[in-house]
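Visitor: got a predicted structure here, sequence first:
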Amino acid sequence: MGDDPYRAEPAKSARSACKVCKEKIEKDQLRFGTFMDMGSAGSYAWRCLDCVTSKQISNMMEKIGSIEAVGGWNELSELQQKEVRKALEAKSGAAKEAPKAKAKAKAPDKKGPKAKAKDSAAPKGREAPAKPAKPMPSEKEQHGFLDFAKNFDFDDVKRLVEENEQYINVQPAGRWSALHQAAEAADEDVIKWLMAHGADKEVKTKDGKTPHDIAKKQNIKELLLEEAKVAKRKAPVTDGGSAKKAKTGVAFLLYLFKSCSATELSGEMGEWLDDDGKDLCKPDVMHKHVKDAPATARKLAERLQRTLGETRLPAGESDCAGRIVVISQGPDKGPHKVMDMGDIKEACLQALALKEEVESNCEKDLFEQANCKDKDYSKQKQFCAEEDEDDEETKEGQEYKNIVATTKFMADNLKSCFEFNFEETIVSAPVIYGGLTDENNIVGVLSHRVWT
C-alpha cells in the first residue's frame, strides 16, 4: 500500500473512519482513498463509497485514466470490483471513462516537427550544440511509466526512458521509482540498465526506503550497495532521522492543558502501540499542567490553544483531536541551549516518555524509527497535511480555517519549526508539529497517526 494516488480496498481493520461523514469504516467494508502527503510520511484519506464525490472521480480519471488503474484493483474480487465500479461511475455522472489506459502509459506527445537536418550539423571547428533536454513528462504520463514498472513491464520502461530520459527517477505522488520496482523484481540486468541511465540509488519511498532496502535477495542488495552508501549509514545524522538518540543530558518535561500519565495520554490520543499491541509509553510517568510551564512558552501555548480549539486533525486512517503541548528543557526560565533537529527529536521522545525498546518487525529500535524534519510553515497552508484537491468542500468548514490559522501562528511566532514523526514500521504513533520559542523551549500540536 502507499504506492498509488488512489486506492480501493476492503478495510483491514475497524480503525479507519470516513473523512466526510466521520462514520467508522468497519473491517472488510469497501473504502476508497486518496493519498495524502503528511510530511514525513503519507497515508490515504479514506471515504466510504457513498461519500466519494464527482470532483474526486474527475481528478482520478485525469491522473490515472481509468478505474482499473486504481491501486488495489487487481486484489479485489469480481464482486467487489463491480461494487466499486458502480459507485464510482454513479458519482461521475457517466459510465464512460477516459480512453482505456488500463494503467498503460503512452509515449510522450510529439511536439512540433523534427529539427531540420541543417540544424544538427555543426560548423567546422566547432562542437555540435548540445541536444536540448526533453520536457518533463506530464503527471499522467509519469504514472503510466510507473505502472509499467510496477507490473514489471521493463521493456516498456526502457522504451520510455530511451525516448525521454526525464522518466528515469520520476515519483509522482511519492510512488516507488522504477529502480525500486526493479529491486523488488530482483532483476539484475534491469537494475544495471537503469543505473547506467542515471537511476538514483538513494531515492526513497514515502516511508524512507531506498531500492537497497526494498531488495530481498542478497545479490541485489550487494549490487545496490556501494561504499558511499556504507559511509552514509555510519555518518552522524544531523536531522534526527535515523541516528541513536543524542545525549544532551537535559531532563525534558511535557506540559498539557490536562495533566495525565503517559499511558493515559496514549490511550486518549488513540493508543500508541508496538507490533505486539503493547503501549509505546513508559508506565508511571506523569505529564505536567501547562500552567506550570515556562512563562513565554505558556503564553504562546494559550494563544495557540485559542486558535486551534477542538479541531480534529488528519491522522492517517481517521482523524484525531489535536492537543497543544509545551516541552521544556527543565523547569527554569532559560534561555536554554539552541536545539538542532537531533536535539528536538530527543526532546520529543523523552518528553512523551516513549520506550526505546519495543516489539517490532523492524531491526531498528524505536528511537531509530523516529525522525524529526525541519519545516517552513510559512510555505504551507496546513501544517498537518498537503492540500487535498479532491476535498474542496472541507475548505469551507471551520476546522480547516482553524488549521490554516494555526499554521500561520506557528510560522509567525516560532523558530526552527519541525515535524516529529515515525517510520511506517510503527503502525500507531504520536506526531508533533511545532517550533522553538525565544528561550528554546518547544511549543506545538500533538497529533496521532495510524497506518493499516
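Guide: Great, that's in hand.

Visitor: what's the first helix or strand after the helix or strand bottoming out on mean pLDDT in the chain?
Guide: Lowest by mean pLDDT, DSSP states H and E among the helices and strands of the chain is helix 227-234, with a mean of 38. Per DSSP states H and E, the first helix or strand lying C-terminal to helix 227-234 is strand 253-256.

Visitor: which other helices and strands does that next one contact?
Guide: Packed against strand 253-256 by the contact rule (3 or more C-beta pairs under 8 Å, 6 or more residues apart in numbering; DSSP states H and E) you find strand 288-289, helix 295-308, strand 323-328. Where you see a C-beta, it was placed from the backbone N, CA and C, and this is true even at glycine.

Visitor: sheet-wise, list the partners of that strand with their directions.
Guide: Its sheet considered, strand 253-256 pairs with strand 288-289 (parallel), strand 323-328 (antiparallel) by DSSP bridges.

Visitor: that older thread, please identify the most buried of the helices and strands packed on strand 253-256.
Guide: Ranked by mean neighbour count, these are led by strand 323-328 with a mean of 26 (mean count of other C-beta atoms under 10 Å).

Visitor: angle of it against helix 295-308?
Guide: Per axes from the mean of the first three to the mean of the last three C-alpha atoms, to 10 degrees, the angle that strand 323-328 makes with helix 295-308 is 170 degrees.

Visitor: can you offset everything so residue one is 45?
Guide: With 45 as the first residue, the last one maps to strand 367-372.

Visitor: ok, the closest residue to Lys260 other than its chain neighbours - how many residues close by?
Guide: Distance criterion C-beta to C-beta, 6 or more residues apart in numbering; nearest residue to Lys260, sequence neighbours excluded, is Ala230 at 6.9 Å. Residues lying near Ala230 (other C-beta atoms under 10 Å) number 15.

Visitor: list the contacts for Ala230?
Guide: Counting by C-beta atoms under 8 Å, 6 or more residues apart in numbering, Ala230 touches 259-261, 264.

Visitor: check Ala395 too.
Guide: By C-beta under 8 Å, 6+ apart, the neighbours of Ala395 are 296-298, 369, 371, 486.

Visitor: what segments of the stretch 395-496 of the chain are helices?
Guide: Ranges of helices within the stretch 395-496 of the chain are 410-413, 442-457, based on DSSP state H, counting those that start in this stretch.

Visitor: which residue ranges of the stretch 395-496 of the chain form strands?
Guide: 414-418, 459-466, 472-480, 486-494 (DSSP state E, counting those that start in this stretch).

Visitor: could I get those strands as TSV with distance to Ile108 and mean neighbour count?
Guide: Conversion of those to TSV gives the following (distance: least, C-beta to C-beta, whole Å; neighbours: other C-beta atoms under 10 Å):
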stretch	distance to Ile108	mean neighbour count
strand 414-418	29	21
strand 459-466	27	22
strand 472-480	29	25
strand 486-494	25	26
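
Visitor: low-confidence ranges in the chain?
Guide: Low-confidence segments of the chain, defined by pLDDT under 70, span residues 45-47, 81-86, 137-177, 270-293, 319-320, 359-362, 375-379, 402-408, 431-440, 495-496.

Visitor: quick one, domains of it?
Guide: 50-136, 182-278, 297-494 (automatic domain parsing).

Visitor: could the helices and strands packed on strand 297-300 go into TSV alongside distance to Cys416?
Guide: Shown next, in TSV, are the helices and strands packed on strand 297-300 (distance: least, C-beta to C-beta, whole Å):
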stretch	distance to Cys416
strand 332-333	22
helix 339-352	18
strand 367-372	12
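
Visitor: wait, which of these is closest to Lys253?
Guide: strand 367-372 (29.3 Å; C-beta to C-beta).

Visitor: what sits up against that closest one?
Guide: 296-301, 313, 334, 337-338, 341-342, 345, 348-349, 352, 380, 391-392, 395, 476, 478, 485-491.

Visitor: export that strand as PDB, just CAs?
Guide: Provided in PDB are the C-alpha atoms of strand 367-372 (Å, rounded to 0.1, in the frame of the first residue of the first chain):
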ATOM      1  CA  ARG A 367      -3.500  18.900  21.700                       C
ATOM      2  CA  ILE A 368      -1.400  21.900  22.400                       C
ATOM      3  CA  VAL A 369       1.900  20.900  24.200                       C
ATOM      4  CA  VAL A 370       4.900  22.600  25.700                       C
ATOM      5  CA  ILE A 371       8.200  20.700  26.000                       C
ATOM      6  CA  SER A 372      10.700  22.500  28.200                       C
END
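
Visitor: that one to strand 459-466, inter-axis angle?
Guide: Using the same axes, to 10 degrees: strand 367-372 against strand 459-466 is 110 degrees.

Visitor: starting at the chain centroid, how far to strand 367-372?
Guide: Centre-to-centre, strand 367-372 and its host chain are 23 Å apart (C-alpha atoms, centre = their mean, to the nearest Å).

Visitor: what of stretch 108-127?
Guide: Centre-to-centre, stretch 108-127 and its host chain are 23 Å apart (C-alpha atoms, centre = their mean).

Visitor: buried residues in it, which are they?
Guide: Residues 108-111, 113-117, 120, 124-125 are the ones in stretch 108-127 that count as buried (16 or more other C-beta atoms under 10 Å).

Visitor: next: stretch 91-107.
Guide: 91-93, 95-97, 100-101, 103-105, 107.
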